[in-house]
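Chemist: Would you be able to build a 3D model of this:
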Amino acid sequence: MKILKNQVFGILLPLLAWLFLVTAGSAQADNIQSLRQIADAVKSFLVTENNGRISIDKISIGVIDPRLRLPACPNPLQAFLPTGSPSRGRTTVGVRCSGTVTWKIYVSARVRIMQKVVVLKHPVMRGQQLSLQDLLLEERDISNYSNGYIAQINDAVQHIMRRPATIGTILTPRMLKAITLVHRGKNVVIVAKDSSFLVRMSGKALMNGAKGERIKVQNLRSKRIIEATVSGANQVTVDL
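Modeler: Okay, the predicted model is just below:
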């Protein structure tokens with residue numbers, strides 16, 4: 001009988017030890033802040049910072065050191081942008097716990113802003129005038145395009161490239177120069193209009209101008225100098 005008890009004890013002892021370790025480990029894990037919760041707090045914060053214009057799947061979180069052992073926060077985690085950190089592109093987000101438990105860490109993240117933009121179908125040279133055959137719309141990540149981008153193909157057509165560019169390049173306003181439609185010293189048609197009538201008269205350009213630019217022109221009949229908007233080749237418009 002004594003041998004049987006020893007055998008039973010020999011079986012139960014490792015089992016009890018295992019249960020103790022599992023229970024202790026579980027209790028210890030309950031006192032450690034979940035890294036997944038930290039990552040989720042960062043993602044939710046960035047969605048809010050971008051006014052809901054992005055989805056969580058467009059946000060990637062940098063690796064949080066798995067060896068990190070922060071005390072579990074009894075209150076909701078608070079995320080914030082450190083001074084100088086953007087809310088899109090590559091950024092850093094702070095996460096802190098306040099209350100009876102206090103700590104603060106910083107997490108790297110990347111926010112992608114996807115939008116259709118004008119890109120080049122093939123390489124182009126400096127000074128080349130763009131046509132429809134040179135351009136197409138593609139969805140790209142524009143989160144890091146601080147110089148802007150062009151969203152409509154018609155806004156790039158008939159513009160001049162300021163520098164060469166390769167296939168797939170996203171066009172920005174700084175890359176393009178509008179064609180000069182009105183030349184200084186040349187005669188132009190001045191179109192004066194309002195909602196009810198339109199008058200055309202002859203004038204002379206006192207400045208070069210591209211479409212949409214305001215330049216000075218002289219009315220050849222009255223000799224009066226006025227400001228007008230370039231609206232076409234050798235044509236300017238004045239709104240009355």
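Chemist: residues of stretch 46-53 that come out buried?
Modeler: Buried residues in stretch 46-53, defined by neighbour count with 16 or more other CB atoms under 10 Å: 46-47, 49-50. (C-beta placed from N, C-alpha, C; glycine too.)
Chemist: how many neighbours does residue 87 have?
Modeler: When neighbours are counted by other CB atoms under 10 Å, residue 87 registers 18.
Chemist: Let me know the pLDDT of the closest residue to it other than its chain neighbours.
Modeler: Distance criterion CB to CB, 6 or more residues apart in numbering; nearest residue to residue 87, sequence neighbours excluded, is residue 49 at 4.1 Å. pLDDT, the model's per-residue confidence, is 92 for residue 49.
Chemist: that older thread, any chance of the buried residues of stretch 46-53 in TSV, plus distance to residue 163?
Modeler: Shown next, in TSV, are those (distance: CB to CB, whole Å):
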residue	distance to residue 163
46	34
47	37
49	34
50	32
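Chemist: Which of the three states applies to residue 189?
Modeler: strand (DSSP: H, G, I helix; E, B strand; the rest coil).
Chemist: Show me the beta-bridge partners of it.
Modeler: Residue 189 forms beta bridges with residue 202, residue 235, as assigned by DSSP bridges.
Chemist: And for residue 115?
Modeler: According to DSSP bridges, beta-bridge pairing links residue 115 with residue 140.
Chemist: How about the contacts made by it?
Modeler: Counting by CB atoms under 8 Å, 6 or more residues apart in numbering, residue 115 touches 139-140, 142, 149, 151.
Chemist: Nearest to residue 71 among the buried residues of stretch 46-53?
Modeler: Nearest to residue 71 among these is residue 46, at 24.7 Å by CB to CB.
Chemist: What residues sit buried inside the host helix or strand of the closest one?
Modeler: When elements are assigned from DSSP states H and E, residue 46 belongs to helix 35-49. Within helix 35-49, the residues that qualify as buried are 35, 38-39, 41-43, 45-47, 49, counting by 16+ other CB under 10 Å.
Chemist: Looking at these, spot the one nearest residue 166.
Modeler: For the buried residues of helix 35-49, the nearest to residue 166 is residue 46 (31.7 Å; CB to CB).
Chemist: Enumerate every residue touching the closest one.
Modeler: 54, 59, 87, 91, 93, 109, 111.
Chemist: Quick check: pLDDT value at residue 1.
Modeler: 47.
Chemist: Where neighbours are concerned, which of the contacts of residue 46 has the most?
Modeler: Within the contacts of residue 46, residue 93 tops the neighbour count with 26 neighbours, counted by other CB under 10 Å.
Chemist: between the buried residues of stretch 46-53, which is nearest residue 229?
Modeler: residue 50 (35.8 Å).
Chemist: Look up phi and psi at the closest one.
Modeler: Note on residue 50: backbone dihedrals following degrees, to the nearest 10 are phi -100, psi 20.
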